[in-house]
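Enquirer: what would the 3D arrangement of this be:
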Amino acid sequence: MKDLHPELQKILPRIHSMKEIGINKGLAKFGDSITNTSYSLAKSLVIGRLDARKVNRTILSHALKEAGMKPFAKVRSDAHALADTTEAFIGYIYCSEGWSIEQISLILMEKLSLYDLNDFKTESQGATQAFLHLLLKIKDHLLPKFA
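Expert: All right, here's what the predicted structure looks like:
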């Protein structure tokens, strides 16, 4: 099977800053799919059965704020725009840096496994912490690149 990472890099727009990632609509749209697929995979593996869930924008926006990455979003962003910024970073790390859905899911699982995912409220708390954990890893990986 062909590695698509180099092909994805060819179609990515030129990015010069973390802010450019955070406000890129194409990356946000693409990242939405990567985000939901990674979360569904991680949750399925933690609970031991197949499950699919679209990640709530509140979860993603809270994780972005807690990770100190709100400055990379559009000015005066609402929860929807902050969630888009989270998805843009996930899309970027997948396309540009070659992080796989499996790698992203494993990072999410590190925190998800600590929570009861059969309870909606507890799952939301766990998902927020899992995406916070992922965003901090993304931030640590990308900051040196754009310093």
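
Enquirer: alpha carbons only for contacts and neighbour counts from here, please
Expert: OK.

Enquirer: any low-confidence regions in this protein?
Expert: 1-4 (pLDDT under 70).

Enquirer: relative to residue 104, how far out is the most centrally placed residue in it?
Expert: Nearest residue to the geometric centre of the chain (CA atoms, centre = their mean): residue 90, 3.8 Å. Computed as CA to CA, to the nearest Å, the residue 90 to residue 104 distance reads 9 Å.

Enquirer: now residue 84
Expert: 17 Å.

Enquirer: next one: residue 147
Expert: For residue 147 relative to residue 104 (CA to CA), the value is 24 Å.

Enquirer: how many residues are close by the closest residue to residue 113 other than its chain neighbours?
Expert: Nearest non-adjacent residue to residue 113, counting by CA to CA, 6 or more residues apart in numbering: residue 46, 5.8 Å away. For residue 46, the neighbour count with other CA atoms under 10 Å is 18.
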